[in-house]
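Colleague: generate a structure from the sequence data that follows.
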Amino acid sequence: MKPEPEGGFTVNVPALPGCISYGETLEEARTNAQEAIELYIESLRAHGEEIPSDENVLEYNIQLS
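Modeller: You can find the predicted model right below:
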């Protein structure tokens, strides 16, 4: 989750390419992200596509000053 300069929060789901959501509050961002993930997976299933797994993914966030 990333706070945006103009307000609100953007959520990026690395395991699901292109699955990005936004909310004006942390709670709204979490709720919207959950819905986006569910819809993304539903679409993959509907099209017979494999559901990605992030079990072997190691991710770091580094902030530079």
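Colleague: ok now the helix or strand hosting E35, how far from the chain's centre?
Modeller: Taking DSSP states H and E as the criterion, the element that holds E35 is helix 26-46. Using Cα atoms, centre = their mean, to the nearest Å, the mean C-alpha position of helix 26-46 is found 8 Å from that of the whole chain.
Colleague: tell me what it is packed against?
Modeller: Counting contacts by 3 or more Cβ pairs under 8 Å, 6 or more residues apart in numbering; DSSP states H and E, the secondary-structure elements packed against helix 26-46 are strand 9-12, strand 20-23. From N, CA and C alone the C-beta is placed, and that goes for glycine too.
Colleague: buried ones in it, by neighbour count?
Modeller: By neighbour count with 16 or more other Cβ atoms under 10 Å, helix 26-46 contains the buried residues 29, 32-33, 36-37, 40.
Colleague: with stretch 9-23 instead?
Modeller: Neighbour-count burial for stretch 9-23 flags 9, 11, 13, 16, 19, 21, 23 (criterion: 16+ other Cβ under 10 Å).
Colleague: per-residue confidence averaged over that stretch?
Modeller: Averaging the model's pLDDT scores along stretch 9-23 yields 94.
Colleague: distance check, the closest residue to Y22 other than its chain neighbours against V57.
Modeller: Residue nearest to Y22 in three dimensions, not counting chain neighbours: T10, with 5.2 Å by Cβ to Cβ, 6 or more residues apart in numbering. The gap separating T10 from V57 is 20 Å, by Cβ to Cβ, to the nearest Å.
Colleague: cool, and E49?
Modeller: Note on E49: its distance to V57, by Cβ to Cβ, is 18 Å.
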